[in-house]
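In: Everything below, folded, please.
(one chain, ligands or ions: 1)
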Amino acid sequence: MTLQTRIWTPVDFEADGRQSDCLRLPYSTDLSAYGWVPIPLVCLKNGPGPTALFFAGTHGDEYEGQVALLNLSRSLDCADIRGRVIIVPALNYPAVIAGRRVSPLDEVNLNRTFPGNALGTPSQMIAHYVSEVLIPMADFVVDLHSGGRSLHYVQSSLVRPGRDERQQRALLRMMEIFGAPISFVSNGAGGGGMTTLAAAAEERNILALTTELGGGATFSSAGAVLAERGLRRLLKHFGITPQADVEPAQPTRMMMVKGRDAFVYAQSRGIFEPFYELGDQVRAGDRAGVIHPVEWPHGEPQMLSFASSGFVACRRAPSLTEPGDCLFKLMVPLEEGPRPSMNDDRSRGTAIRA
Ligand code: CA
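Out: Sure, this is the predicted structure:
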């Protein structure tokens, strides 16, 4: 028997009109014995039609998606919709108000805990509700991310490889319509694996797109604008806002992350001095940067090199580093690498899911 969620909401997902309220996640504390954690939610519905499901704040220190969803939920008019739009702008609300990647209530990274647990910690309960209640209602899902406190990211969208050729084509098409400068395919082998929101959607055979809109726990206006325009294009593409005027999508570069050689990791502690910026093109063997040891003024800084050639898509944001910190991630054009496939793990692009 599937365990029932303990999360509840006065929102009736089958009712027409605009409802703006919250999910209520039971959380009993010293000062709030019968209390719940509010997770803001907007549901817009107008008759039959497809359902779009939009999330931001899965990581609390990523802001462009949160602002894009707030703008979108304020400006969408039910009269212009056919079907339903469900907007959750601060999915891991405790992490959002703390400005943190992980929830301060359980120290869990929500995007590493899918499909969740109905009777688990707060983050696990949220993941379970998303997997079991929200995703099954959706025709497509978008989870808006950025790099968060530890990473700077090029503006990009990403999808998993898809369950079959037909689904893969639909996912690549979603990235073209979203219109980020970079689009890439990732199976999460470097980090998220099957524990992400996008993987939970794939398990249910629902199309899911994720983004990276900026990073460093600060706000990129360009990232927020891209997110809002990209979502409006997707709503029109899926027939939810057939009459909407949308900005045409800019061309996107289809890229991939080609195995573990695409990453540079710190192996010592110190101050990271990077030699390249986001968007730079590097070659295998190029010096990537150095780590200056704080404790050893007489010692040599640790020199770091790129193990493969590519385009700098992601770079560590904080200067202080520890062994194991990701410093760079490279991408290559999709046509240069093996095509991402559903059946052969060795040919899949891999990526650390930020
Ligand atoms: Ca993220």
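
In: Could you grab the helix/strand/coil label for the residue lying closest to E203 once chain neighbours are set aside?
Out: Among residues not flanking E203 along the chain, P115 sits closest, at 6.9 Å (C-beta to C-beta, 6 or more residues apart in numbering). C-beta here means a position set from N, CA and C on the backbone, and glycine is covered the same way. Here P115 is coil, with the state taken from DSSP: H, G, I helix; E, B strand; the rest coil.

In: what's the answer for the one 3 residues further on, then?
Out: The three-state assignment at A118 reads coil, by three-state DSSP.

In: tally of neighbours for the residue nearest to E203?
Out: When counting by other C-beta atoms under 10 Å, one arrives at 18 neighbours for P115.

In: ditto for Q19
Out: 18.

In: again, but for the one 3 residues further on
Out: C22 has 18 neighbours, counted by other C-beta under 10 Å.

In: Quick check: beta-bridge partners of it?
Out: Beta-bridge partners recorded for C22 (DSSP bridges): P40.

In: Could I get the contacting residues of the closest residue to the ion within the stretch 1-150 of the chain?
Out: Of all residues in the stretch 1-150 of the chain, H145 sits closest to the ion, at 3.5 Å by C-beta to the ion. Residues in contact with H145 (C-beta atoms under 8 Å, 6 or more residues apart in numbering) are T58, H59, E62, G65, N111, T210, T211, E212, L213, A354.

In: okay if I get those as CSV plus secondary structure and pLDDT?
Out: Output for the contacts of H145, formatted as CSV (DSSP: H, G, I helix; E, B strand; the rest coil; pLDDT from 0 to 100):
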residue, secondary structure, pLDDT
T58, coil, 98
H59, coil, 98
E62, coil, 98
G65, helix, 98
N111, helix, 97
T210, strand, 98
T211, strand, 98
E212, strand, 97
L213, coil, 97
A354, coil, 38
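
In: so which pair among the residues you listed is furthest apart in space?
Out: Within the contacts of H145, N111 and L213 form the most distant pair, 14.9 Å apart (C-beta to C-beta).

In: which residues touch the residue of the stretch 201-350 of the chain found nearest the ion?
Out: Taking C-beta to the ion, the ion has its nearest neighbour within the stretch 201-350 of the chain at E212, 7.2 Å off. Each residue near E212 by C-beta under 8 Å, 6+ apart is listed here: H145, S146, G147, Y153, V154, Q155, S156, S157, L158, C314, A354.

In: How about G214?
Out: E62, Y63, E64, S146, G147, H152, Y153, Q155, S220, A222, G223 are the contacts of G214 under C-beta under 8 Å, 6+ apart.

In: So among those residues, which ones count as buried?
Out: Among the contacts of G214, those classed as buried by 16 or more other C-beta atoms under 10 Å are E62, Y63, E64, S146, G147, H152, Y153, Q155, S220, G223.

In: Which one of those is nearest to Q267?
Out: H152 (20.8 Å).

In: low-scoring stretches of the chain, by residue?
Out: Residues of the chain that meet the criterion pLDDT under 70 lie in 1-2, 189-190, 336-354.

In: Which residue of it lies farthest from its centroid?
Out: Residue farthest from the centre of the chain, counting by C-alpha atoms, centre = their mean, is H298 at 42.4 Å.

In: any idea how far that one is from I291?
Out: In this view, H298 and I291 are 16 Å apart by C-beta to C-beta, to the nearest Å.

In: distance between the ends of stretch 76-92?
Out: 23 Å (C-alpha to C-alpha, to the nearest Å).

In: Mind listing residues that contact stretch 88-99?
Out: Outside stretch 88-99, the residues within contact range by C-beta under 8 Å, 6+ apart are 23, 37-42, 53-61, 65-66, 69-70, 73, 101-105, 110, 122-123, 126, 130, 134, 217.

In: now the spatially most central residue of the chain: how far from D164?
Out: By C-alpha atoms, centre = their mean, the chain has its centre lying nearest to H145, at 3.5 Å. According to C-beta to C-beta, H145 stands 25 Å off from D164.

In: Kindly report the same for P293.
Out: According to C-beta to C-beta, P293 and D164 sit 50 Å apart.

In: Understood, closing this out.
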